[in-house]
Structure formats: C-alpha cells, structure tokens
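Novice: here's a sequence, model it:
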Amino acid sequence: MECCSSKPKKIICVAVVVVFALLAVGAAKYSFLKREIQKIDPNSYQLVQIAGTQSYIGHLKFSGHGKDAVLSDVYYVQQTPAATDTKNAATDPGFALRKLGGEIHGPEDIMHLNWQNVLFWENLKADSKVVQGIAQDKASRGVK
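Specialist: Next comes the predicted model:
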C-alpha cells in the first residue's frame, strides 16, 4: 500500500484496523445479547444452567450491564432420599424443589449472574412439573 509505506504510517494503519476490528466484535456481542434478551418470556420462569454448578429456576432479567443478569424468585431442584421426602415422592421420587433463602448462609432471594458463566437458559412452560411445583409451594406459603 502506498499510503502505509513509512513506519509511522504503518503503525497508524494497524491501529485503525485494530480499532475497527474491536468495534465490529463489540457490535456483534451487543447484537447477540439483544437477541437473547428478546427471547426471554417475562411471564414465565426460566431455567438457567450455570457452569460448574447446578441449574436454577427463576425470573431472568438483564441488569442493564453488558455481561450481567439477575435471577429473582429463585428455586432449585435438590436430590433427596425418596423415603424421607413424602411431599414430592408421588410426582418425582428422589427430587425436591427448594426455594433459595433457607440455606445456612441465609442468601437473599435473588442471584446476580455473570453471563459468561451461563451455559444455557430456557423458558419453562406453565404446565411443567417444576412450574407447577413452584405454584404449589407459593400457595402453601400464601404467596402470589
């Protein structure tokens, strides 16, 4: 290239190319995140699989920051001995639906997620056993 023949001009040309490449990557990430946000059904629960841990169920919303999300009204499924868990034994022996907040460390009923650690998420249907279990739990606690 004639315009980038001297050393200072080559450095400027490389810098311009790098800046445009970074802008393109940023725009692509923003576009992907925007599509993901539009797929979240605000009227249903979402299951979120976190890397290295278990799945959590709740209402998923993006916090407004590029890589952060918030999961509220959080539940998780815990494996239990089938004989000791008579509440859920009829529908799913060996598993129990648990509400976040009753653990020994006393967490609040909200999770702040780093989107980079989310393996996948999915909207749950209203007739799924998990959503029905959440409705039963809320009814037994007098919560709407």
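
Novice: and Lys61, how far from Trp115?
Specialist: For Lys61, the distance to Trp115 under the criterion Cβ to Cβ, to the nearest Å works out to 12 Å. Any C-beta I mention is one placed from the backbone N, CA and C, and that applies to glycine too.

Novice: doesn't Ser55 make contact with Gln46?
Specialist: No: the pair Gln46 / Ser55 is not scored as a contact, 10.2 Å apart, by Cβ atoms under 8 Å.

Novice: neighbour-wise, which of the two wins?
Specialist: Gln46 (20 against 16; other Cβ atoms under 10 Å).

Novice: ok, what's across the strand from Ile57?
Specialist: Leu47, Tyr75 (DSSP bridges).

Novice: who touches it in this structure?
Specialist: Contact analysis of Ile57 by Cβ atoms under 8 Å, 6 or more residues apart in numbering lists Tyr45, Gln46, Leu47, Val48, Val74, Tyr75, Tyr76, Val77, Leu124, Val130, Ile134.

Novice: and for the last one, the neighbour number?
Specialist: The one in question is Ile134. Neighbours of Ile134 (other Cβ under 10 Å): 20.

Novice: what's the answer for the first one, then?
Specialist: The criterion is other Cβ under 10 Å. On that basis, Tyr45 has 23 neighbouring residues.

Novice: ranges for the strands of the protein?
Specialist: Using DSSP state E, the strands found in the chain span residues 46-50, 55-62, 68-79, 95-99, 110-114, 118-123.

Novice: state the mean pLDDT of the longest one.
Specialist: This points to strand 68-79. Per-residue pLDDT values over strand 68-79 give a mean of 89.

Novice: give me the helices and strands touching that strand, please.
Specialist: strand 55-62, strand 95-99, strand 110-114, helix 129-141 (3 or more Cβ pairs under 8 Å, 6 or more residues apart in numbering; DSSP states H and E).

Novice: quickly compare these and say which is most buried.
Specialist: Among the helices and strands packed on strand 68-79, strand 55-62 has the highest mean neighbour count (mean count of other Cβ atoms under 10 Å), at a mean of 19.
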